[in-house]
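Undergrad: A structural model of the following input is requested.
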Amino acid sequence: MTGHDLEGALRVAVELAEWASETIRGGNGGADGPVRQKASPADIVTDTDEAVETHVRSVLRRQYPEWGIDGEEYGAQQGASGAPHWVIDPVDGTTNYAHGIGWCSFSLGLAEPDGSPLLGVVADPWRREVFTAVRGGGAHLNGVPIHAADHTTLTGHVFMTEWAAHAHWAGLDTLLAQLSARHCTARVMGSTALSLAQVAAGRATAAAIGEFHPVDGLPALLIATEAGAVAMPQLPNYDEPLLLVAPGAAEEALELWRATVGREGAGA
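TA: Next up, the predicted model:
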């Protein structure tokens, strides 16, 4: 993609991420805040989700009026023909946030019309961390370059994953059993974007989700691959599983992934 100032767009995205982090930290989440149900009791929204996305959309429309926007709470707004589009998840991990658990994130990315990521930002409000990447420019955490772990095996290391809201996805239980047999510790923390970003930071050797959604998955996918992680597939379709893994452990992880998620998903 040419003709767009991606470094300038990244600066705007980081400013929004910092504002969103302050808003989330000071918001009315937890037991005292109003919580409303969306599609199911496990799919909820708070005033903070809506306020953050409303502000971010307003800034992006003003700064980039021809670009599209797709957000978790307010859906898609088409941009000009051939223009890129933003993807926003204002609070990724709303269930944690609404219950006062300090593990959620703000996720913002920019993608080409075909969905290929151009830039990504994932902010952890509680640890004051901002993960960033521009395609071809590497990955950074608070401005410092980061890289996937140099581990050569899953054994003894951390594997991050997420349920599909409250549900286990096809192949997950078999995958977890196989990870346990390898003495690989699985963690289900409750924020897709933040879990995937841990692979970029080298904290987790691998991470997987059963249903890829660009609003919370695309920015972290770019950040992780720019940090050197291997992605399978490189760019998932909507609702398709995604695996991210440190390059030295990729052969083992991909073999396990195909034997569990690939087999069960194909028969689902």
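Undergrad: helices along the stretch 151-268 of the chain, start to end?
TA: Secondary structure of the stretch 151-268 of the chain (DSSP state H, counting those that start in this stretch): helices at 172-181, 192-200, 214-226, 250-257, 263-266.
Undergrad: tell me which of those helices lies nearest to T95.
TA: Proximity to T95 (CB to CB) singles out helix 192-200 among the helices of the stretch 151-268 of the chain, at 11.9 Å. (C-beta placed from N, C-alpha, C; glycine too.)
Undergrad: ok now that closest one, how far from the chain's centre?
TA: Distance, stretch centre to chain centre, for helix 192-200: 6 Å (CA atoms, centre = their mean, to the nearest Å).
Undergrad: ok, stretch 151-166 next?
TA: Computed by CA atoms, centre = their mean, the chain-centroid distance of stretch 151-166 equals 15 Å.
Undergrad: list of residues touching that stretch?
TA: Stretch 151-166 is contacted by residues 40, 42-43, 149, 169, 172, 175-176, 179, 182-192, 195-196, 198-199, 203-211, 246, 248-249, 252-253, 256 when judged by CB atoms under 8 Å, 6 or more residues apart in numbering.
Undergrad: for stretch 6-15, same thing?
TA: With CB under 8 Å, 6+ apart as the contact definition, stretch 6-15 has outside contacts at 59-60, 63-64, 108-110, 118-119, 121, 130, 132, 134-135.
Undergrad: closest to T260 among those residues?
TA: Proximity of the contacts of stretch 6-15 to T260, judged by CB to CB, is greatest for G109, which lies at 28.4 Å.
Undergrad: please identify which helix or strand holds that closest one.
TA: In this assignment (DSSP states H and E), G109 forms part of strand 105-111.
Undergrad: so which bits of that strand are buried?
TA: For strand 105-111, burial by neighbour count (16 or more other CB atoms under 10 Å) applies to S105, F106, S107, L108, G109, L110, A111.
Undergrad: need the longest helix for the chain.
TA: Of all the segments of type helix in the chain, defined by DSSP state H, the longest one is helix 6-26.
Undergrad: chain center to that helix, what's the gap?
TA: With CA atoms, centre = their mean as the basis, the distance from the averaged C-alpha position of helix 6-26 to the chain average is 15 Å.
Undergrad: tell me what angle that helix forms with strand 105-111.
TA: Using axes from the mean of the first three to the mean of the last three CA atoms, to 10 degrees, the inter-axis angle of helix 6-26 relative to strand 105-111 is 160 degrees.
Undergrad: relative to R203, how far out is W103?
TA: Taking CB to CB, to the nearest Å as the measure, W103 falls 13 Å from R203.
Undergrad: and G190, by the same measure?
TA: 16 Å.
Undergrad: ok, those two, which is more surrounded?
TA: Legend: neighbour count by other CB atoms under 10 Å for G190 and R203, higher for G190 (20 against 15).
Undergrad: now the helices of the stretch 151-268 of the chain in JSON lines, with distance to P90?
TA: Conversion of the helices of the stretch 151-268 of the chain to JSON lines gives the following (distance: least, CB to CB, whole Å):
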{"stretch": "helix 172-181", "distance to P90": "26"}
{"stretch": "helix 192-200", "distance to P90": "11"}
{"stretch": "helix 214-226", "distance to P90": "9"}
{"stretch": "helix 250-257", "distance to P90": "30"}
{"stretch": "helix 263-266", "distance to P90": "30"}
